[in-house]
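**Student:** output the structure for:
(one chain, ligands or ions: 2)
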Amino acid sequence: MPVTTIAGNPVETGHWIGGKRIDSSRRFRSVSPVDQQPLGEFARGGTREADAAVRAASEAFPTWSRTPAETRAELLHRIADEVERRIPELATVETADNGALLRSHVRSVMPRVAHNFRFFADWLTGELSHPEFDTRGHRNAVSWDPSGVCVLITPWNAPLMLESWKVAPALAAGNTVVLKPAEWSPATASVLADITAVAGLPDGVFNVVQGLGPEVGAPLCAHPDVARISFTGSEATARRIAAAAAENLTPLSMELGGKSPLLVFDDADLELAVALAVEQYDNAGQVCLAATRILVHSPVAEEFTARLRTAIGEIKQGDPRKDDTDVGPNIHPDHVARIDGFVRRAVASGARVLEGGGPNTELGGTYYRPTLLDQVRPGAEILREEVFGPVLTLEVFDTEREAVARADDTRFGLAATVVTSDPERARRVSAELTAGTVWVNCFFVRDLRAPFGGARHSGIGREGGTWSFDFFCDVKNTVTGPKGWR
Ligand SMILES: NC(=O)C1=CN([C@@H]2O[C@H](COP(=O)(O)OP(=O)(O)OC[C@H]3O[C@@H](n4cnc5c(N)ncnc54)[C@H](O)[C@@H]3O)[C@@H](O)[C@H]2O)C=CC1
Ligand SMILES: O=C(O)/C=C/C=C(\O)C(=O)O
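**Tutor:** Ligands and ions are numbered 1, 2, ... in the order given. Just a heads-up that it's a prediction; the model follows:
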């Protein structure tokens, strides 16, 4: 079976179906966003591979779903052990494949992958229970039953992290999985398949199909034998998946984009506010949660803007493998062209470039300068659409009411960040905002016990903790009569 070498590490390029490597007659090329070097030719699946993977997962389901929860949890811990052992390899391969910072992959992202497996294993065997309750002498007992084959469709911005976040609860709950990673970052999903085999997961419980969304993702989502679809990605793809799933009434969980606000009030700690604003350039702005619309209170607008511009000037953009790099490349030249299109159209409609404003061509075709725009026309495209790049807009507001109205003037509702030293204001504003997560005087504090997801077009449903099991399982209430077992 074909293997490619990525940053010195061998990576299988075939699908992983029923515990075997399977090739396809067609291939797609993965190219590194770091330096535009080809990384390998991956198998390009279609309907045949989608069918084969769902069949393998269906065949494995009866045994896996009846495997004791403790045994499943133990296997997930073994996957976590193996992820931890292989952090240097996983981090290096992921950075080559999607361009995010190596030091983040080593220090936080890959450890989080391992934690995700441990967390859902432990939640299954610990927290996942509901106290029994009585109805006129009848006993209600709630259980979370495995639902069947779960199709997981994932994006390229945080590949293995977002995959593990879906794979772990789906498997812990006793479901079997078909994972379709993004074609711009296929590599670590393939390594994860090897890891599950080393950990001893039975054949067919976890499957990976590689390929393009419309070719192999679409038939997976339209498959009648699929019990659940969990998707993270764009709104446009979400609509296609929802249409395909509607035919079979397959339940969906969707984590989509955002256009989140960061509100800086006149009583804010400006040093903190600037630090939080600069954080929005992390992963070159390719984070669904990023607060890309900065709204600043007029009394502090001038000072905040000056400090923010200084901080942006200090950002070091460069090779994501270097330890002192703050912002690396974007995923693909096409994506850079898309980001630049947004900025150019904003400028054409009156916006002013305060920082950045174009590709950093000295570094190559995938690097976009951290950009700050102000004087943006109300209602402009750049305030409405998810750019998914290192581009922030700056708006000034006069009153709290205006701040909330502007912050909420979006079809998204994933997250919001509020910077203020007034607890009453923090409470009022947080209560008013429409968002799945509100951070006050902080950003990106994530805990798997918390619900994660978005309001409006930012998603459907929530994952995390018991919410993940609510989605991936058939939740059952068993009611026993007052006479018990007589
Ligand atoms: N986490 C997030 O919120 C993400 C948001 N995005 C947004 O989407 C924009 C475009 O990125 P794309 O890579 O094009 O995202 P996308 O939504 O097209 O891709 C996400 C996944 O969906 C799969 N897919 C595509 N078409 C499909 C279909 N018909 N059926 C089943 N699966 C399908 C892709 O192969 C990939 O695995 C970004 O610029 C950003 O605005 C993208 C990635 C992640
Ligand atoms: O790291 C998290 O907890 C959440 C990350 C989510 C994204 O980056 C995304 O979906 O874009």
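**Student:** so how far is the strand or helix carrying Trp123 off the chain centroid?
**Tutor:** Using DSSP states H and E, Trp123 sits within helix 110-125. How far helix 110-125 lies from its chain's middle: 16 Å, per C-alpha atoms, centre = their mean, to the nearest Å.
**Student:** residues of that helix that come out buried?
**Tutor:** 110-121, 123-125 (16 or more other C-beta atoms under 10 Å). Quick note: C-beta positions are derived from backbone N, CA and C, even for glycine.
**Student:** now for Gly459: which residues touch it?
**Tutor:** 253-256, 414, 436, 453 (C-beta atoms under 8 Å, 6 or more residues apart in numbering).
**Student:** 10 Å - rerun?
**Tutor:** Residues near Gly459 by C-beta atoms under 10 Å, 6 or more residues apart in numbering: 231-232, 235, 238, 252-258, 288, 412-414, 436, 452-453.
**Student:** other SSEs contacting the helix holding Trp123?
**Tutor:** helix 69-85, helix 87-98, helix 159-172, helix 187-199, helix 465-472 (3 or more C-beta pairs under 10 Å, 6 or more residues apart in numbering; DSSP states H and E).
**Student:** go again with 6 Å.
**Tutor:** For helix 110-125, the packing partners by 3 or more C-beta pairs under 6 Å, 6 or more residues apart in numbering; DSSP states H and E come out as helix 69-85, helix 87-98, helix 159-172.
**Student:** pick the most buried one from those helices.
**Tutor:** helix 159-172 (a mean of 27; mean count of other C-beta atoms under 10 Å).
**Student:** quick one: is it near ligand 1?
**Tutor:** No: applying C-beta under 6 Å from any ligand atom, one finds helix 159-172 out of contact with ligand 1, separated by at least 6.9 Å.
**Student:** after that helix, next one along is what?
**Tutor:** With DSSP H and E, the next secondary element past helix 159-172 is strand 176-180.
**Student:** quick check: mean pLDDT of that following strand?
**Tutor:** Strand 176-180 carries an average pLDDT of 99.
**Student:** same deal with stretch 23-37?
**Tutor:** 97.
**Student:** again, but for stretch 198-205
**Tutor:** Mean per-residue pLDDT for stretch 198-205: 98.
**Student:** same deal with stretch 44-63?
**Tutor:** 98.
**Student:** and this protein, what are its domains?
**Tutor:** What automatic domain parsing lists as the domains of the chain is 3-256+454-478, 261-440.
**Student:** closest to Gly484 out of those domains?
**Tutor:** domain 3-256+454-478 (8.3 Å; C-beta to C-beta).
**Student:** just the element for Phe231, please.
**Tutor:** For Phe231, the host element (DSSP H and E) is strand 226-232.
**Student:** tell me how far the residue lying closest to Gly213 once chain neighbours are set aside lies from Arg406.
**Tutor:** Distances taken as C-beta to C-beta, 6 or more residues apart in numbering place Thr237 nearest to Gly213, at 6.3 Å, with adjacent residues excluded. Note on Thr237: its distance to Arg406, by C-beta to C-beta, to the nearest Å, is 28 Å.
**Student:** under the pLDDT cut-off, which ranges of the stretch 351-486 of the chain? List them.
**Tutor:** Counting by pLDDT under 70, the stretch 351-486 of the chain shows low-confidence ranges at 485-486.
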